[in-house]
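J.: structure here, sequence nowhere to be found:
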């Protein structure tokens, strides 16, 4: 931050593309004597504090500088991350949408098969809420097991890829990966986020079958099948 | 066969709820496949039009001139005789234009950019001016008006320049402002020239971010070049698909006319400086490329789009396949007695297999057709809506400032067929289980 203070309180914006010559007029001779910088790169110990830090810089009028985050400062290249993230989230959304329909279908069929069973339970005193709870709990248990296995496999794959690295097949990928190989990493946050999403998707997709199950009348238990 | 189709159709109708769910799932996936395909096709056609208006003709006849072996100036000396040959002898020619090229620093009010310069002769550039559209002021100026200003035909006057919206925004300039262009001449001197912005055009993706158009005369002054030189001839054919073949014919013609040609390298001219500078020859050599070669550094966008599409559709279809297999398995189990009866009255194993497969195939064909129609409709209406792409990086990748989707009938039909076949394949294993049942066991199976 000491470097940033060397910039005089002129109307100067931190910007790599500033033309040196055009800028010269805005510096006083003393400032030039002390040394001039066009921008200062600030690295934070905790990147999550970035917004507060930036507004703190902008609020301090004495500095006479403007704070840009790395994405704005790096222009087009920084935005590519945004695009990739957008594509990824859209893809995940579509995948969950389709998974939702498929799980829903399977659960409805499972419920239909168990109509006599549910009827019997209702006949011996189970409330609608009990049936609902039972159906939802079943899915939750299933998704907890499948989710854990899936997360474990995913984590294992990422850990392995992080170890070996994904080799960039061409120059463009070298540019995107920021090096000859990509070493993906994951945090606990990703795992919890994944678990949370899969739980939500499972619960939503069981909702309809669960309602179908609660509609089963006790009397069906008395009837034989077919 | 007809009877099996009827049975399969009635079975699907009997299990209405699950048929509906599966149809919805398959249709969603098909719709997305069609959307992704039309996006790729849209970007692909953006690439063709951006490439052939901004940076290349269908065929480019350019070259390098070296006064000493370490030079590599991308110019063609004594251009007029060459133009005559191209105009008279190119098979299937539409028209020929020529542009000078350069690489320079453009300095504006608030910033500077590195850009490729095109020195053009406004009289030849009717197509360029017609293809590019003026950008609204609000696109390059905060709080600007929703109206377009400027006139590209003023590039006929000296001291003018045409920029693109993204560049103008970065440079902080608008119509009437002056930008300074600084370049190094082949002799090693740094020259500058001040140019007035007469037109700011709408972005056309990555290519427009470094393309700046100025009068050829000014570029000649900037680089201290004789006006008998040019940068490259852009040869436009009546049929763009013949570019590769016609280039071959032109090579023969030009060799016969006494020109020395460089070996064919399918790369843009700015990839070749180092190699040319390292070669031991002086004088003039011509270099012929097609438009595809000049934008070969952009085809990764199409590869990336295709990879993402295939990856996404692959994962989606894996989910669908599991769903279909599961449904069919339950269906086979539920209908064990039915299968037993059918087998007992003389239906063969193959016919049972056929019956179940037909169920999946009919469902697949119906669902994919619905999905493809919905997808095409969405694509067509999104395209008609002229949606502006908000993110700069996205514009660069999509090669346009608006979302362009192009539904190709052949590709859509192919998607329908392929996905239907996949649906059938997913049902193969459960159908085989059904077919393998012994009639006696099947009849005994009473829960």
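T.: Thanks, I have the structure now. As the structure is a prediction and not an experimental result, all values here were calculated from the model.
J.: now for the one helix or strand residue B:245 maps to, which elements pack on it?
T.: Assigned by DSSP states H and E, residue B:245 falls within helix B:243-256. With contacts defined as 3 or more C-beta pairs under 8 Å, 6 or more residues apart in numbering or on different chains; DSSP states H and E, helix B:243-256 has these neighbours: strand B:59-66, helix B:79-89, strand B:232-237, strand B:283-290, helix B:291-294. Backbone N, C-alpha and C define where each C-beta goes, glycine included.
J.: can you give me the helices for the stretch 51-200 of chain B?
T.: B:79-89, B:126-131, B:137-140, B:165-171 (DSSP state H, counting those that start in this stretch).
J.: strands of chain B, start to end?
T.: B:59-66, B:93-107, B:112-120, B:160-164, B:178-184, B:190-201, B:211-215, B:232-237, B:283-290 (DSSP state E).
J.: follow-up on the earlier one: distance from the chain centre to the helix holding residue B:245, please.
T.: Centroid separation between helix B:243-256 and its chain, computed with C-alpha atoms, centre = their mean, to the nearest Å, is 26 Å.
J.: in that helix, which residues are buried?
T.: Across helix B:243-256, burial judged by 16 or more other C-beta atoms under 10 Å in any protein chain shown covers B:243, B:246-247, B:250-251, B:253-254.
J.: on that earlier part again, residue B:341: which of the helices of the stretch 51-200 of chain B is closest?
T.: When the helices of the stretch 51-200 of chain B are compared by C-beta to C-beta, helix B:126-131 sits nearest residue B:341, at 69.0 Å.
J.: run the chain-centre distance for the closest one.
T.: The answer for helix B:126-131 is 20 Å, by C-alpha atoms, centre = their mean.
J.: do stretch B:74-87 as well
T.: 31 Å.
J.: what does that stretch rub up against?
T.: B:61-65, B:93, B:96, B:98, B:100-101, B:225-226, B:228-233, B:235, B:250, B:253-254, B:257, B:259, B:269-270, B:273, B:284, B:286 (C-beta atoms under 8 Å, 6 or more residues apart in numbering or on different chains).
J.: can you flag the buried ones in those?
T.: B:61-65, B:93, B:96, B:98, B:100-101, B:225, B:229-233, B:235, B:250, B:253-254, B:259, B:269, B:284, B:286.
J.: so where is the stretch 301-447 of chain B shaky, pLDDT-wise?
T.: Applying pLDDT under 70 to the stretch 301-447 of chain B flags residues B:445-447.
J.: what residues does it have near chain A?
T.: B:304, B:308, B:311-312, B:315-316, B:319-320, B:322-323, B:326-327, B:330, B:334, B:391-394, B:396-397, B:447 (C-beta under 8 Å from any C-beta of the partner chain).
J.: 10 Å instead?
T.: Counting by C-beta under 10 Å from any C-beta of the partner chain, the residues of the stretch 301-447 of chain B close to chain A are B:301, B:303-305, B:308-309, B:311-313, B:315-324, B:326-327, B:329-331, B:333-334, B:337, B:391-398, B:446-447.
J.: ChimeraX command for the buried members of those residues?
T.: Applying 16+ other C-beta under 10 Å to these leaves a buried subset, and the ChimeraX line that selects it is:
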select /B:301,304,305,308,309,312,313,315,316,317,319,320,321,323,324,326,327,329,330,331,392,393,394,395,396,397,398
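J.: out of the residues of the stretch 301-447 of chain B next to chain A, which sit inside helices?
T.: Members of these lying in helices (criterion: DSSP state H): B:301, B:303-305, B:308-309, B:311-313, B:315-324, B:326-327, B:329-331, B:333-334, B:337, B:392-398.
J.: just the helices of the stretch 51-200 of chain B: most buried one?
T.: helix B:165-171 (a mean of 24; mean count of other C-beta atoms under 10 Å in any protein chain shown).
J.: phi first, then psi, for the residue of the stretch 101-250 of chain B found nearest chain A.
T.: Closest to chain A within the stretch 101-250 of chain B is residue B:111: 4.1 Å, counting by C-beta to the nearest C-beta. The phi/psi pair for residue B:111 (degrees, to the nearest 10) reads phi -160, psi 180.
J.: any idea how far residue B:291 lies from residue A:84?
T.: 28 Å (C-beta to C-beta, to the nearest Å).
J.: if you count surrounding residues, which of the two has more?
T.: The neighbour count for residue B:291 versus residue A:84, taken as other C-beta atoms under 10 Å in any protein chain shown, is higher for residue B:291 (22 against 14).
J.: tell me the confidence at that one?
T.: At residue B:291, the model reports a pLDDT of 90.
J.: ok, it touching residue B:241?
T.: No: using C-beta atoms under 10 Å, residue B:291 is not in contact with residue B:241, being 11.3 Å away.
J.: do you know how far residue B:342 is from residue B:247?
T.: Counting by C-beta to C-beta - residue B:342 and residue B:247 are separated by 65 Å.
J.: burial measure for the closest residue to residue B:400 other than its chain neighbours, as a count.
T.: Excluding the flanking residues, the one nearest residue B:400 by C-beta to C-beta, 6 or more residues apart in numbering or on different chains is residue B:46, at 4.7 Å. Neighbourhood size, residue B:46 [other C-beta under 10 Å]: 20.
J.: so what's residue B:46 up against?
T.: B:204-205, B:207, B:301, B:398-400, B:402, B:404, B:406 (C-beta atoms under 10 Å, 6 or more residues apart in numbering or on different chains).
J.: taking those residues, tell me the two that lie furthest apart.
T.: B:207 and B:406 (18.7 Å).
J.: the more surrounded of those two?
T.: residue B:207 (23 against 18).
J.: in this structure the more buried one contacts residue B:116, no?
T.: Yes: between residue B:207 and residue B:116 a contact is recorded at 9.2 Å, counting by C-beta under 10 Å.
J.: any shared contact partners between the two?
T.: Residues touching both residue B:207 and residue B:116 (C-beta under 10 Å, 6+ apart): B:54-55.
J.: any low-confidence regions in chain A?
T.: Using pLDDT under 70, chain A drops low at A:1-39, A:61, A:63-66, A:68, A:70-77, A:172, A:221-226.
J.: ok, which stretches of it are helices?
T.: A:2-5, A:20-23, A:29-34, A:50-59, A:70-73, A:76-113, A:115-123, A:128-164, A:171-177, A:188-214.
J.: mind putting these into a markdown table with distance to chain B?
T.: Shown next, in a markdown table, are the helices of chain A (distance: least, C-beta to the nearest C-beta, whole Å):
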| stretch | distance to chain B |
| --- | --- |
| helix A:2-5 | 20 |
| helix A:20-23 | 7 |
| helix A:29-34 | 20 |
| helix A:50-59 | 18 |
| helix A:70-73 | 10 |
| helix A:76-113 | 3 |
| helix A:115-123 | 9 |
| helix A:128-164 | 12 |
| helix A:171-177 | 4 |
| helix A:188-214 | 9 |
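J.: residue B:64 contacts residue B:279, correct?
T.: Yes: Residue B:64 is within contact range of residue B:279, at 9.0 Å (criterion: C-beta under 10 Å).
J.: tell me, what's touching the two both at once?
T.: B:72, B:262, B:285.
J.: could you dump the helices of the stretch 51-200 of chain B into a markdown table with mean pLDDT added?
T.: As requested, the helices of the stretch 51-200 of chain B are exported to a markdown table (pLDDT from 0 to 100):
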| stretch | mean pLDDT |
| --- | --- |
| helix B:79-89 | 91 |
| helix B:126-131 | 87 |
| helix B:137-140 | 87 |
| helix B:165-171 | 88 |
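J.: ok, and the closest non-adjacent residue to residue B:63?
T.: residue B:286 (4.1 Å).
J.: residue B:128 now?
T.: Nearest to residue B:128 is residue B:53, by C-beta to C-beta, 6+ apart, at 5.7 Å.
J.: for residue B:287, give me its contacts.
T.: B:60-64, B:74, B:76, B:232, B:261-265, B:267, B:269, B:272, B:276, B:293.
J.: rerun that using 7 Å as the cut-off
T.: B:62-64, B:262, B:269 (C-beta atoms under 7 Å, 6 or more residues apart in numbering or on different chains).
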